[in-house]
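>>> Quick one: sequence and predicted model below, then my questions.
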Amino acid sequence: MIRQGQKTLNNITKFRSFSQLPQYNFNVQSKKEDLSLLEKMDPRKNKDLATKLRILQYIKPYIIPFYHQDKEINKTILKSYGYMFLSKSFFYAGPISLKYAINYLASASLISQAPMFILGYGLCYSAYVFFEGQRNKILANISQNALREISQQTYEHLLKLDPSFHFGESQRQTIFDITKAQKAIESNLKSVSSFFIPFISDVVLSSVFLLYHCGPFVFLSFLMTYGGYIWFTFDLTNSRRKGMGLQKKYERLADFTLSETLSNYYNVKYYSAEKFEINRYTSILENYKNQTIENQRTLAQLNSGQRFVFSIGLTSNMIYGAYKVQKGLMTAGDIVLMQSLMMQVLQPLFFLGVQWREWTNSALDIQRLFKIMDTKPKIQDSPNAVDFVYKGGEIEFSNIKFGYSNDKVIIDNMNVTFGKGKWISLVGESGLGKTTMFNLIFRLYDPQQGSVLIDGQDIKNLKMESFRSKICVVSQNPYLFNDTVMSNLLYGSKNKKQEDVIEVCKKLNLHDLFMSLPQGYQTLVGEQGNKFSGGEKQRISIARCLLNDAQIILLDEPTSSLDSINEDRVMKAIEQLRKDKTIIMITHRLHLNSYTNEVIYLTKDGYKEQGKHSHLIQEKNTRYSKFWDNFVVLDHSDTNSVKVDQSENSLNEKPQKKQNGQKEEEEEKME
Ligand SMILES: Nc1ncnc2c1ncn2[C@@H]1O[C@H](COP(=O)(O)OP(=O)(O)OP(=O)(O)O)[C@@H](O)[C@H]1O
């Protein structure tokens, strides 16, 4: 489950391009939102307490009956309380039975009835164990439901967050933190339902029993022992918090370093950095070890202090009991009852420190999850958003001004229209903002000024799902899920059949490759698709996009890893399969522009040229023609580069290899 989450997170920004965000309704757990107390608190001053209260808020629907919207869960919670009532009844009936057994054993006239009470004591204990077991089974069921719902809720929230969150955070670290926090919430739920609730009921019930059976002195001594024990536990546990926090920090750092190093395995090898990495990891482990030893020392201090308080309470009650028996005011059975009640109820106190420590540790783990859950996505459907109506796929940038931050403008006052049903090349120097334009079309970001219109509709006023589902993106870095070839090809498409997949794969020169694999189309592609070369991954992601039902295709340098033969095939396949779809293709390989209907050439100073590739390069005074000339001269990456047949209508304009002499002549001219 964790691996699946990581895979999806790694693919998260691209994942959105298939409009695959799951549509869960997650605010289901709690019917009432009682945040008033939390709002009143200053989280900086009371961060720890606020976190603990918020954890309670989270787990409330799984503790209090009738709080969850799922009736079955409510029933299960109620049942767990039923079992608790039964188990507690027998838990207290046992010592009372024992009291009578002892008293009757001491009395010659009643001794014959003693075995019945001894048997009763045994039966009470067995019944208590049985009902406790039944309750634990139910609690396991509830906590698993809680874990599933909370994980689902977090997952949905992460998928909703903007790219700025995902780019700004280390995804691996986020996954570590979330996994820990989810486990911590689960363990908190368990500790509340199986420890704290029974513990509180024990304190109340045993107080009543002791007061009734043993009188006010025993009752007071019991309360003082309890109070002293709890005070001592909380005080020392709180003072240990800093040390526990440090231990957690080193633990996180060690996990993170290990994962970073292993996932950058090749880089570590390439830079011969094994020693450096080992030293780094060892020094973190050393810190972790020292802090753990220190924490163990303070824990031992805590435990011995707790037992000291406990023994004072027990001894003083015994002395008091012995005195009362001597005076004839108490029976031997009363002393046994008193001691067994004290022992029964004080025993959970031994775990109080552990449970409270767990809570304190959990709060540290969960704070990070809460911080993530508090991050609000900036891009959301407006309340009046309407469905997108497709009318051919024209895209317009109207007076767009955009920067990722306010101090750096990337796009300034841009006005561009991409005609419907056309295949258009988007060309311009690196860093100009071409990929950013795709991000704006997909509404991963909102412009600071102006509008992006699709078929005349401002995308800010549209339901995102409705227009995103019409758009498919092939990003610069092809991404594949660690699944079968077929699943990757069909990711995001709804009605495609196997024949369609094969047709597209044949056109993209992939079919033979897949058929040569042992499991054909059912072969697993490996982590990030690493069983395939960069060019193969690129063609798979193009195939996936062509198989998608989207009407608008955004290709971001789709052939940057391809050889010229495969590049040519890909271009022809796109031409044949695109039908009336609008395609915008960012490319630095200008000879590909001879395949497209139109070129939009942009410069950083806001200049724009738009027209057919062959026209633009024929008109020698265009800036694009100069850009083209530079490309012809400088591009050595393609051995076939780089001069096209400039005949107007040819979709098959093939770049011709440039003669060395010709190249030099042009270079001289430029000088
Ligand atoms: N997520 C981001 N946060 C901040 N700045 C960004 C982000 N993405 C891109 N940029 C910056 O925005 C500018 C435009 O980037 P963009 O990727 O859109 O350019 P491009 O024209 O597609 O470049 P290339 O042709 O090299 O791919 C660059 O200066 C880049 O550093």
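Received, thanks. Small disclaimer: the values here were computed from a predicted structure and weren't measured.

>>> make it CA atoms for all contacts and neighbour counts henceforth
Will do.

>>> Can you name the residue of the stretch 501-650 of the chain nearest to the ligand?
Nearest to the ligand, among the residues of the stretch 501-650 of the chain, is His588, at 7.1 Å (C-alpha to the nearest ligand atom).

>>> Next, count neighbours for that residue.
By other C-alpha atoms under 10 Å, 20 other residues sit near His588.

>>> List the contacts of it.
427-428, 557 (C-alpha atoms under 8 Å, 6 or more residues apart in numbering).

>>> Counting neighbours, which of those comes out on top?
Counting by other C-alpha under 10 Å, top hit in these: Val427 with 24 neighbours.

>>> That residue contacts Ile584, doesn't it?
No. Contact between Val427 and Ile584 fails when scored by C-alpha atoms under 8 Å: they sit 10.2 Å apart.

>>> Can you tell me how far Val192 is from the ligand?
According to C-alpha to the nearest ligand atom, to the nearest Å, Val192 stands 43 Å off from the ligand.

>>> Tell me the secondary structure of that residue, please.
When classified by DSSP: H, G, I helix; E, B strand; the rest coil, Val192 comes out as helix.

>>> repeat for the one 4 residues further on
Applying three-state DSSP to Phe196 yields a three-state assignment of helix.

>>> okay, now it: neighbour count?
Using other C-alpha under 10 Å, Phe196 has 18 other residues around it.

>>> any idea how far it lies from Leu119?
31 Å (C-alpha to C-alpha, to the nearest Å).

>>> just Ser272 next, same as before
Applying C-alpha to C-alpha to Ser272 and Leu119 gives a distance of 74 Å.

>>> more neighbours, those two?
Leu119 (15 against 11).

>>> can you confirm that one is in a helix?
Yes. With three-state DSSP as the criterion, Leu119 is located in a helix.

>>> how far away is it from the ligand?
From Leu119 to the ligand the distance is 74 Å (C-alpha to the nearest ligand atom).

>>> Over to Cys124?
Taken as C-alpha to the nearest ligand atom, the span from Cys124 to the ligand is 66 Å.

>>> Return the list of helices and strands in contact with the host helix or strand of that residue.
Per DSSP states H and E, Cys124 falls inside helix 114-160. Packing partners of helix 114-160 (3 or more C-alpha pairs under 8 Å, 6 or more residues apart in numbering; DSSP states H and E): helix 71-106, helix 171-191.

>>> in whichever helix or strand comes after it, what's buried?
Moving toward the C-terminus from helix 114-160, the next helix or strand (DSSP H and E) is helix 163-168. Going by neighbour count (16 or more other C-alpha atoms under 10 Å), the buried part of helix 163-168 is 163, 166.

>>> How far does helix 163-168 sit from its chain's centre?
13 Å (C-alpha atoms, centre = their mean, to the nearest Å).

>>> can you check stretch 532-547 too?
Relative to the chain's own centre, stretch 532-547 is displaced by 27 Å; criterion: C-alpha atoms, centre = their mean.

>>> CA atoms only for it, dumped as PDB, please.
Only the C-alpha atoms of stretch 532-547 are listed here, as PDB (Å, rounded to 0.1, in the frame of the first residue of the first chain):
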ATOM      1  CA  PHE A 532      12.900   0.300 -21.400                       C
ATOM      2  CA  SER A 533      15.200   2.800 -23.000                       C
ATOM      3  CA  GLY A 534      14.500   6.600 -22.800                       C
ATOM      4  CA  GLY A 535      13.200   6.600 -26.400                       C
ATOM      5  CA  GLU A 536      11.000   3.500 -25.900                       C
ATOM      6  CA  LYS A 537       9.500   5.100 -22.800                       C
ATOM      7  CA  GLN A 538       8.900   8.300 -24.800                       C
ATOM      8  CA  ARG A 539       7.100   6.300 -27.500                       C
ATOM      9  CA  ILE A 540       5.000   4.400 -24.900                       C
ATOM     10  CA  SER A 541       3.800   7.600 -23.400                       C
ATOM     11  CA  ILE A 542       3.000   9.000 -26.800                       C
ATOM     12  CA  ALA A 543       1.000   5.800 -27.600                       C
ATOM     13  CA  ARG A 544      -0.800   6.200 -24.300                       C
ATOM     14  CA  CYS A 545      -1.800   9.700 -25.100                       C
ATOM     15  CA  LEU A 546      -3.000   8.700 -28.600                       C
ATOM     16  CA  LEU A 547      -5.100   6.000 -27.100                       C
END
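
>>> Quick one: mean pLDDT over it.
For stretch 532-547, the mean pLDDT works out to 90.

>>> Next: stretch 476-490.
87.

>>> With just CA atoms, put that stretch into CSV.
The C-alpha trace of stretch 476-490 is given here as CSV (Å, rounded to 0.1, in the frame of the first residue of the first chain):
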residue,chain,number,x,y,z
GLN,A,476,9.3,16.1,-21.2
ASN,A,477,10.2,13.2,-18.9
PRO,A,478,8.2,10.2,-19.9
TYR,A,479,6.7,8.5,-16.8
LEU,A,480,5.5,5.0,-16.5
PHE,A,481,3.7,3.2,-13.6
ASN,A,482,5.4,0.0,-12.3
ASP,A,483,2.7,-2.1,-13.9
THR,A,484,2.3,-4.1,-17.2
VAL,A,485,2.9,-2.5,-20.6
MET,A,486,-0.8,-2.9,-21.4
SER,A,487,-2.0,-1.2,-18.2
ASN,A,488,0.4,1.7,-18.9
LEU,A,489,-0.9,2.0,-22.5
LEU,A,490,-4.5,2.0,-21.4
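
>>> Start at 881, not 1
With the count now opening at 881, the last piece we talked about shows up as stretch 1356-1370.

>>> ok, and does that stretch reach over to the ligand?
No. Judged by C-alpha under 6 Å from any ligand atom, stretch 1356-1370 and the ligand are separated, with a smallest distance of 7.6 Å.

>>> buried stuff in that stretch?
1356-1370.

>>> What is the nearest of these to the ligand?
The ligand has its nearest neighbour among these in Gln1356, at 7.6 Å by C-alpha to the nearest ligand atom.

>>> Let's verify the closest one: helix, strand, or coil?
Classified using three-state DSSP, Gln1356 is coil.

>>> pretty sure it is touching Asp1436, no?
Yes. Counting by C-alpha under 8 Å, Asp1436 is a contact partner of Gln1356 at 5.2 Å.

>>> Now the common contact residues for the two.
By C-alpha under 8 Å, 6+ apart, no residue touches both Gln1356 and Asp1436.

>>> what about stretch 1352-1360, start to end distance?
Stretch 1352-1360 has an end-to-end distance of 15 Å (criterion: C-alpha to C-alpha).

>>> That should have said stretch 1269-1284, apologies.
29 Å.

>>> can you check stretch 1425-1439 too?
Span of stretch 1425-1439 from end to end, C-alpha to C-alpha: 14 Å.

>>> what's the answer for stretch 1453-1464, then?
15 Å.

>>> what about that stretch and the ligand, any contact?
No. Stretch 1453-1464 is not in contact with the ligand by C-alpha under 6 Å from any ligand atom; minimum separation 12.7 Å.
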